[in-house]
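Engineer: sequence and predicted structure are below.
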Amino acid sequence: MFYEITFSPTGGTKKCADLLSAAWNEKTEIDLMKRQDDFTKYTFTAEDICLVAVPSFGGRVPAVATERLQMMQGGGAKAILVVVYGNRAYEDTLVELEDTLTERGFVPMAGAAAVAEHSIFREFAAGRPDANDEIQLKDWSSKIKSKLEAGTERAMPFVGNRPYKKYGAIPMVPKAKSCQMCGKCVSICPVGAIPADKPNETDGDKCITCMACVAACPMQARALNPVALAGAKAMLKKALEGRKENELFL
Ligand SMILES: Cc1cc2nc3c(=O)[nH]c(=O)nc-3n(C[C@H](O)[C@H](O)[C@H](O)COP(=O)(O)O)c2cc1C
């Protein structure tokens, strides 16, 4: 069986995962965003192929995605590792994902680092994955499938450092103005940071600033503080500029 396992707060990671899964006709999707799901029920075998896709947050795998992957049993399943980043850098995300999956009994066979629109600073890598990415990632999907069918070892090591860089959490939390209390954000939040009875509030201790609630709000009522956002953008602007290319590890 082919599985597509994703953590995708605003959809960019999922888009890249879908393109890299294109060579397989059938897939079963597992959504790591779903905090109600019991991830201990997912056990795989050596016959399975699991494409696991996460975004890079501060050059690391989002901690909640790691926690949920750690509940699964790899059972020798072949893993395709996908790290999606917003045009700055993915730093240690790929090797951290490799270590987590290897510990759980998956066998990392291939990987990719792909660029998607930055979910906080949306003007960077806007519209990516674009038409060129689509062609490239679909082509890589076929190449990965052929390699997995041939059963040969991965030739290219993943890029990244151990020990991993320290995660510097983004000190911003989305707040709601003119909230209509529809509760969409409550159900989509991967960490339960938005109370069902007060969806216009956000628990700053739980929130991971993943932007899922901001992207999901039908009223565009949720946003980060524009002044703090402008300050953060000024600091990161240089690193976010220019076109970064996708990378394949096969
Ligand atoms: C909290 C947070 C931290 C991020 N850190 C990085 C980063 O270190 N490097 C980078 O290039 N992009 C970074 N991004 C951008 C995301 O990796 C990118 O937009 C990704 O596509 C988001 O995935 P999604 O669309 O599935 O939510 C960050 C985004 C968020 C919300």
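Structural biologist: Perfect, thanks for sending it. Numbering: from 1, shown residues only.
Engineer: so what's the residue count around Pro190?
Structural biologist: 22 (other C-beta atoms under 10 Å). (Each C-beta comes from the backbone N, C-alpha and C, glycine too.)
Engineer: without its sequence neighbours, what residue ends up closest to it?
Structural biologist: What sits nearest to Pro190 in space, not counting adjacent residues and going by C-beta to C-beta, 6 or more residues apart in numbering, is Met33, at 4.6 Å.
Engineer: not counting sequence-adjacent ones, nearest residue to Ile170?
Structural biologist: Per C-beta to C-beta, 6+ apart, closest to Ile170 is Thr209, 4.5 Å.
Engineer: what does the model give that neighbour for pLDDT?
Structural biologist: For Thr209, the pLDDT comes out at 97.
Engineer: can you check Met181 too?
Structural biologist: What the model reports as pLDDT for Met181 is 93.
Engineer: within range of the ligand, give me the residues from the chain.
Structural biologist: Counting by C-beta under 6 Å from any ligand atom, the positions of the chain adjacent to the ligand are 8-13, 55-59, 84-89, 116-120, 170, 209-211.
Engineer: list only buried entries from those.
Structural biologist: Taking 16 or more other C-beta atoms under 10 Å as the criterion, what is buried in the residues of the chain next to the ligand is 8-10, 12-13, 55-59, 84-89, 116-120, 170, 209-211.
Engineer: quick one: which of the residues you listed sit in strands?
Structural biologist: Counting by DSSP state E, the part of those found in strands is 55, 84-85.
Engineer: go through the residues you listed and say which is closest to Thr28.
Structural biologist: Distance to Thr28, by C-beta to C-beta, is smallest for Val84 among those, at 20.2 Å.
Engineer: how does this protein divide into domains?
Structural biologist: 2-163+245-249, 175-223 (automatic domain parsing).
Engineer: so the residue nearest to Pro190 sits in a strand?
Structural biologist: No: counting by DSSP: H, G, I helix; E, B strand; the rest coil, Met33 is not part of a strand but coil.
Engineer: now the residue of the chain most remote from its centre: phi and psi?
Structural biologist: Within the chain, Ser178 marks the point farthest from the mean C-alpha position, 29.4 Å out by C-alpha atoms, centre = their mean. For Ser178, the backbone dihedrals (degrees, to the nearest 10) come out as phi 50, psi 40.
Engineer: so what's it closest to, chain neighbours aside?
Structural biologist: Spatial nearest neighbour of Ser178, excluding adjacent residues (C-beta to C-beta, 6+ apart): Ala221 at 5.1 Å.
Engineer: I'd like the distance between that neighbour and the ligand.
Structural biologist: Between Ala221 and the ligand the distance is 18 Å, computed by C-beta to the nearest ligand atom, to the nearest Å.
Engineer: contact partners for that residue?
Structural biologist: By C-beta atoms under 8 Å, 6 or more residues apart in numbering, the contact list for Ala221 reads 176-180, 200.
Engineer: same check, this time on Tyr3
Structural biologist: Contacts for Tyr3 (C-beta under 8 Å, 6+ apart) come out as 27-30, 44, 48-51, 77.
Engineer: picking up where we left off before, residues contacting the residue nearest to Ile170?
Structural biologist: 120, 169-170, 172-174, 224.
Engineer: out of the residues you listed, who's nearest Thr66?
Structural biologist: Taking the contacts of Thr209 together and measuring to Thr66 by C-beta to C-beta, the closest member is Ala169, at 14.7 Å.
Engineer: wait, the closest one sits on Gly58?
Structural biologist: Yes: between Ala169 and Gly58 there is a contact at 7.3 Å, judged by C-beta atoms under 8 Å.
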